[in-house]
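In: 3D, please:
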Amino acid sequence: MTILFLLIAYLLGSIPSGLWIGQVFYKKNLRAYGSGNTGTTNTFRILGKKAGIIVFLLDFFKGTLAVLLPIWFGVTDVSPLIFGMMAVIGHTFPVFAQFKGGKAVATSAGMLFGYNPIYCIILLSIFAGCLYLTSMISFSSVVAAATAIVTVIILPQLGILLPKDWILLLVVLIVASIVIIRHRDNIQRIKRKKENLIPWGLNLTKQKPLKK
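Out: Okay, here's the model as predicted:
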């Protein structure tokens, strides 16, 4: 049963929501537009708000469902976070999309929501605050991931919100690292002040993206 649900979690994560929605409903291949990424950000930019919201929710709840399904079926010999991590890996390297996936932000958040909703909401609040200040989804994602790394180390030691659990520590370190590494090109553009922006927020870092 454990192996079956690990496979299910990976396959759930592998569903390329943005790619399929773009191809079926908009007749567009997201890989040919914008950043070429198939995740939420590029979906918003190329297909619009409605498609972006739908893709975010689908990608988010892939992670949540991967965590909760084994619990619902009584598979408790492995931490639910392991199943969630498999969904994140599936999203990043999807078998249904030539192993070229998104940057794992929404699915990682969904995984944490399934495990500890309060912790997830705190990280999402930090993401939203950074997004308002900088107008950059990439920067906000990296800050939220870095915050997850710091808090998963500190909070359990203080006995606040998170338990002392080496699997929790390991999974969060791996998933947050994936998010940060997948944003390495964005980080370079931020340094050059050329990162893409959303039409909301203060853009405090004064990014001036190249016009396309």
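In: check contacts around the most centrally placed residue in the chain.
Out: Closest residue to the average C-alpha location of the chain: residue 105 at 1.3 Å, with CA atoms, centre = their mean. Residue 105 sits next to 39-40, 141, 144-145, 179 when contact means CB atoms under 8 Å, 6 or more residues apart in numbering. (Glycine included, C-beta is placed from N, CA and C.)
In: so which of these is the closest to residue 95?
Out: Nearest to residue 95 out of these is residue 39 (CB to CB; 16.8 Å).
In: which other helices and strands contact the helix or strand residue 46 falls within?
Out: Using DSSP states H and E, residue 46 falls within helix 40-47. Helix 40-47 sits against helix 17-25, helix 49-72, helix 137-158, with contacts defined as 3 or more CB pairs under 8 Å, 6 or more residues apart in numbering; DSSP states H and E.
In: swap the cut-off to 6 Å and go again
Out: Helix 40-47 makes packing contacts with helix 49-72 when contacts are defined by 3 or more CB pairs under 6 Å, 6 or more residues apart in numbering; DSSP states H and E.
In: helix or strand right after the helix it packs on?
Out: helix 80-92.
In: buried ones in the helix holding residue 46?
Out: 40-47 (16 or more other CB atoms under 10 Å).
In: what does stretch 45-59 give?
Out: Along stretch 45-59, these residues count as buried under the neighbour rule (16+ other CB under 10 Å): 45-47, 51-52, 54-56, 58-59.
In: adding pLDDT and distance to residue 86, write those out as TSV.
Out: As requested, the buried residues of stretch 45-59 are exported to TSV (pLDDT from 0 to 100; distance: CB to CB, whole Å):
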residue	pLDDT	distance to residue 86
45	86	28
46	91	28
47	93	28
51	95	26
52	93	25
54	96	23
55	96	20
56	96	20
58	97	17
59	97	15
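In: pick out the most distant pair among these.
Out: 45 and 58 (17.2 Å).
In: hang on, the earlier thing: highest neighbour count among the contacts of residue 105?
Out: residue 39 (29 neighbours; other CB atoms under 10 Å).
In: is it correct that it is in contact with residue 103?
Out: Yes. Using CB atoms under 6 Å, residue 39 is in contact with residue 103, at 5.5 Å.
In: overlap in contacts, the two.
Out: With contacts defined as CB atoms under 6 Å, 6 or more residues apart in numbering, no residue is shared by residue 39 and residue 103.
In: which residues touch residue 90?
Out: If you count contacts by CB under 6 Å, 6+ apart, residue 90 has them with 10, 13-14.
In: now it. Nearest residue, chain neighbours left out?
Out: Residue nearest to residue 90 in three dimensions, not counting chain neighbours: residue 13, with 2.5 Å by CB to CB, 6 or more residues apart in numbering.
In: helix or strand for the one you found, which one?
Out: Counting by DSSP H and E, residue 13 is found in helix 2-14.
In: what's the average pLDDT for that helix?
Out: For helix 2-14, the mean pLDDT works out to 97.
In: what helices or strands is that helix leaning on?
Out: helix 49-72, helix 80-92.
In: the longest one to helix 2-14, inter-axis angle?
Out: Calculated by axes from the mean of the first three to the mean of the last three CA atoms, to 10 degrees, helix 49-72 forms an angle of 170 degrees with helix 2-14.
In: helices and strands of this structure: which one has the lowest mean pLDDT?
Out: helix 40-47 (a mean of 90; mean pLDDT, DSSP states H and E).
In: thanks again, I'm all set now.
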